[in-house]
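Participant: Here is my input; please provide its structure:
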Amino acid sequence: MISSTAIVLFNLGGPDDLAAVEPFLVNLFSDREIIELPFGAAMQPLMARLIAKMRGPSVRRNYQRIGGGSPQLPITRAQAAALEDELNAGASAERPYRVFIAMRYSRPSSADAVEAIRATGIRRIVTVTLFPHWSKATTGSSRNEFDRALADPRWRSHGFEVSHIEHYFDHPAYLDAMTDRVLAVLETIPAARRHQTVILFSAHGLPQKFIDEGDPYVDHIQATRLGILQRLNLPNRQLLAYQSRTGPVKWLGPGTEEVIRELGREGIKDLLVVPLSFVSDHIETLYEVDMLFADAAREAGIGGYYRPEALNTHPLFIKALADLVRTHTGVEPAIDRTASPAAAAV
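Facilitator: As a prediction, this is how the structure comes out:
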């Protein structure tokens with residue numbers, strides 16, 4: 001008997017090795033849902049290739065510093081395997097769920113995922129974003145790309161039934177997983193300094209224009225931040241900033257590095273940077289947070305610099321994804337979605 005439901009995990013993607021950096025950048029800058037380059041849609045692919053050629057050497061150096069490529073695909077594969085096991089726990093030998101991956105700017109692509117699903121004979125598809133906070137630049141773009149893949153004439157007769165899980169910024173198990181990662185780091189800080197440690201939440205930036213046009217990303221980020229703080233229930237000072245800004249347009253602010261340098265001027269000695277927006281380690285955590293921001297903190301006189309591990313395959317995160325799928329498909333009741341009790345005091 002054929003498995004009944006295909007789960008497709010949306011993620012950004014990244015270059016597997018240094019040779020893949022430039023093609024990855026071409027794909028990224030060709031997407032008008034994240035950046036509208038000059039001279040219109042028809043010229044965007046050409047402009048994207050020019051930008052990729054110019055930025056390629058510096059971006060390759062960054063990837064070289066984190067091991068020569070992005071770890072996102074192997075981590076996403078591990079998340080997919082863990083989710084498939086969780087969804088099929090207790091099932092018979094014929095597993096009712098199969099999990100696939102669709103990277104937005106690298107392989108396996110949406111087209112790869114659709115083709116793989118077609119080969120199994122599965123008709124029901126549920127896409128699950130690995131971007132907890134909805135934005136047209138992330139989940140919106142990924143969904144549109146998946147829709148384009150489905151429109152391929154080869155698959156039209158297959159009769160796919162497709163639905164989408166597009167955010168979970170306030171899901172209790174997701175928030176519990178994030179809180180657990182933060183607590184694990186706080187517990188390593190000497191007790192005398194623990195509550196003086198500033199907690200700086202760092203979300204991926206977006207052009208301010210997106211928010212002005214109604215994108216809910218900032219509201220979702222704020223809800224996640226507040227959900228974590230409620231669970232921590234600690235007196236620590238906390239701030240929110242945005243990272244990964246590029247280009248001449250106005251971006252969400254303040255910038256993470258700017259805030260770090262200002263905290264140094266204030267005499268702060270311990271800083272915990274909590275990346276939001278990311279559920280797996282990749283260039284923004286391993287290079288930007290762990291290297292660039294750590295260097296900025298050191299230069300600013302902040303001697304204690306900390307960063308929680310990314311969610312990756314945290315059991316509570318996998319349970320959150322499984323709960324979303326089960327609730328969406330009506331297979332099982334949802335887990336308790338009431339607010340979790342405050343985490344153990346640290």
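Participant: Mind jotting down where the helices sit in the protein?
Facilitator: If DSSP state H is used as the criterion, the helices of the chain fall at 21-29, 44-65, 72-87, 110-120, 141-150, 172-186, 191-194, 208-212, 217-232, 256-266, 283, 294-299, 315-329.
Participant: Save those helices as a markdown table, and put in mean neighbour count and distance to His164 too.
Facilitator: C-beta: built from backbone N, CA, C; applies to glycine. Shown next, in a markdown table, are those (neighbours: other C-beta atoms under 10 Å; distance: least, C-beta to C-beta, whole Å):
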| stretch | mean neighbour count | distance to His164 |
| --- | --- | --- |
| helix 21-29 | 20 | 22 |
| helix 44-65 | 15 | 26 |
| helix 72-87 | 19 | 16 |
| helix 110-120 | 18 | 13 |
| helix 141-150 | 19 | 6 |
| helix 172-186 | 21 | 17 |
| helix 191-194 | 11 | 41 |
| helix 208-212 | 14 | 20 |
| helix 217-232 | 19 | 16 |
| helix 256-266 | 18 | 30 |
| helix 283 | 21 | 26 |
| helix 294-299 | 16 | 37 |
| helix 315-329 | 21 | 9 |
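Participant: Now do the contacts for the residue most central in space within the chain.
Facilitator: For the chain, the residue nearest the mean C-alpha position is Phe278 (3.2 Å; C-alpha atoms, centre = their mean). Contact analysis of Phe278 by C-beta atoms under 8 Å, 6 or more residues apart in numbering lists 204, 284-285, 310.
Participant: now Val114
Facilitator: Contacts of Val114 (C-beta under 8 Å, 6+ apart): 146, 149-150, 152, 155, 160.
Participant: Let's see that with 10 Å instead.
Facilitator: Shown in contact with Val114 (C-beta atoms under 10 Å, 6 or more residues apart in numbering): 6, 8, 100, 102, 125, 146, 148-152, 154-155, 158, 160, 162.
Participant: now swap in Pro207 and tell me
Facilitator: 34-36, 137, 213, 215, 245-247, 249-252.
Participant: ok so, going back, out of the helices of the chain, which comes closest to Arg95?
Facilitator: helix 72-87 (7.3 Å; C-beta to C-beta).
Participant: now that closest one and helix 315-329, what's the angle there?
Facilitator: The directions of helix 72-87 and helix 315-329 differ by 60 degrees, with axes from the mean of the first three to the mean of the last three C-alpha atoms, to 10 degrees as the criterion.
Participant: so what secondary structure elements neighbour helix 72-87?
Facilitator: When contacts are defined as 3 or more C-beta pairs under 10 Å, 6 or more residues apart in numbering; DSSP states H and E, helix 72-87 packs onto strand 5-11, strand 97-103, helix 315-329.
Participant: Now the first one - C-alpha only, PDB.
Facilitator: What that stands for is strand 5-11. What follows is strand 5-11 as a C-alpha-only set of coordinates in PDB (Å, rounded to 0.1, in the frame of the first residue of the first chain):
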ATOM      1  CA  THR A   5       0.800  11.700   2.700                       C
ATOM      2  CA  ALA A   6       4.000  13.400   1.500                       C
ATOM      3  CA  ILE A   7       5.400  16.100   3.800                       C
ATOM      4  CA  VAL A   8       7.600  18.600   2.100                       C
ATOM      5  CA  LEU A   9      10.000  20.700   4.200                       C
ATOM      6  CA  PHE A  10      10.700  24.100   2.800                       C
ATOM      7  CA  ASN A  11      14.100  25.600   3.500                       C
END
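Participant: Tell me how far Ala113 lies from Ala119.
Facilitator: 11 Å (C-beta to C-beta, to the nearest Å).
Participant: same check, this time on Leu272
Facilitator: Distance, Leu272 to Ala119, by C-beta to C-beta: 46 Å.
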